[in-house]
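Student: Turn this into a structure:
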Amino acid sequence: MFTKIVLLFVLLLPSLPAAAQVGQDQQLVEATIQKLFTAMAKGDSALLRTAFAERVTMATISLAKDGSPVMKRETGIADFMRAIGTPHPEPYSEPIWNLKVDVDGRFAQAWCDYAFYVGKKFSHCGVDAFHLYKDRDNQWKIFHLADTRRKDGCDVPEYIAQQFR
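Tutor: Residues are numbered from 1 along each chain as shown. Below you'll find the predicted structure:
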C-alpha cells in the first residue's frame with residue numbers, strides 16, 4: 001500500500017507546478033476582467049485601455065424590437081473607451097457572477113453572467129464571454145469580448161440586486 005502511495009505521489013509531482021500556474025493564471029485573468037469593470041465604474045478610459053490588447057474585436061447579441069436577432073460587431077474599442085471616458089452623471093456598474101475561467105498556456109477564456117446598472121437603475125443583463133492572451137510582458141489582455149443583452153429573464157442574485165436599491 002505504501003509503495004502505491006509513493007508511486008502515485010511520484011507520478012503526480014511533475015503536474016503540481018503546472019496546476020499551480022494554471023490557478024495563478026486564472027486569478028490574473030479574473031483580475032484583468034475586474035479591471036475592466038472597475039474602469040467602467042470610475043469612468044477611467046486610461047485604466048480601461050490597460051485591460052485590452054492592442055487589437056480587439058467585440059460583438060453584442062440582442063433582439064430588435066420586432067424580436068429578430070441582431071449581432072453588432074466592432075473591430076476596436078475606441079467607441080467603448082469614449083463612452084466610458086466621457087463624463088456621465090451616474091456611474092456604470094456591471095456586477096458579475098458565475099465566472100468560469102479556463103486557461104491553456106497563454107490563452108484563456110472566461111464566461112460570466114452580468115447585470116448592467118446606470119447609477120441605481122437596472123438597464124439590462126446577459127452573459128459576457130472573454131478571450132484573453134498573455135502578452136510578452138506576461139500580462140493577460142482581452143482581445144475579444146462578446147455579450148448578450150436582454151431586459152427580461154434576468155435572474156440577478158439578491159446580494160447584487162440589493163446593492164442597487
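
Student: what mean pLDDT would you report for the top strand by length along the chain?
Tutor: Determined from DSSP state E, the single longest strand within the chain is strand 121-134. The average pLDDT within strand 121-134 is 98.

Student: Report the distance from it to the chain centre.
Tutor: For strand 121-134, the distance between its averaged C-alpha position and the chain's averaged C-alpha position is 6 Å (Cα atoms, centre = their mean, to the nearest Å).

Student: which helices and strands sit right next to it?
Tutor: With contacts taken as 3 or more Cβ pairs under 8 Å, 6 or more residues apart in numbering; DSSP states H and E, strand 121-134 sits against helix 15-42, strand 107-118, strand 140-148. Glycine gets a C-beta too; all of them are placed from N, C-alpha and C.

Student: so which of those gets nearest residue 73?
Tutor: strand 140-148 (9.2 Å; Cβ to Cβ).

Student: coming back round to it: neighbouring contacts of the longest strand of the chain?
Tutor: Residues outside strand 121-134 that contact it (Cβ atoms under 8 Å, 6 or more residues apart in numbering) are 25, 29, 32-33, 53, 90, 96, 105-117, 140-151, 153-154, 156, 164.

Student: PyMOL command for the buried members of those?
Tutor: To isolate the buried members of the contacts of strand 121-134 in PyMOL, using 16 or more other Cβ atoms under 10 Å:
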select buried, resi 25+29+32+33+53+96+108+110+112+113+114+115+116+117+140+141+142+143+144+145+146+147+148+149+156
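
Student: ok so, going back, can you list the helices and strands packed on strand 121-134 in TSV and add mean pLDDT and distance to residue 74?
Tutor: Formatted as TSV, the entries for these read as follows, by pLDDT from 0 to 100; distance: least, Cβ to Cβ, whole Å:
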stretch	mean pLDDT	distance to residue 74
helix 15-42	85	15
strand 107-118	98	17
strand 140-148	98	9
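
Student: and residue 155, how far is that from residue 164?
Tutor: 15 Å (Cβ to Cβ, to the nearest Å).

Student: Apologies, that question was intended for residue 128.
Tutor: 18 Å.

Student: Residue 63 now?
Tutor: Distance of residue 63 to residue 164, computed by Cβ to Cβ: 24 Å.

Student: Spatially central residue for the protein, please.
Tutor: Per Cα atoms, centre = their mean, the C-alpha nearest to the average position across the chain is that of residue 33, at 4.3 Å.

Student: Would you confirm that that one contacts residue 142?
Tutor: Yes. The pair formed by residue 33 and residue 142 meets the contact definition of Cβ atoms under 8 Å, at 7.5 Å.

Student: Quick check: neighbours shared by the two?
Tutor: Any residue near both residue 33 and residue 142 by Cβ under 8 Å, 6+ apart counts here, and that gives 51, 130.
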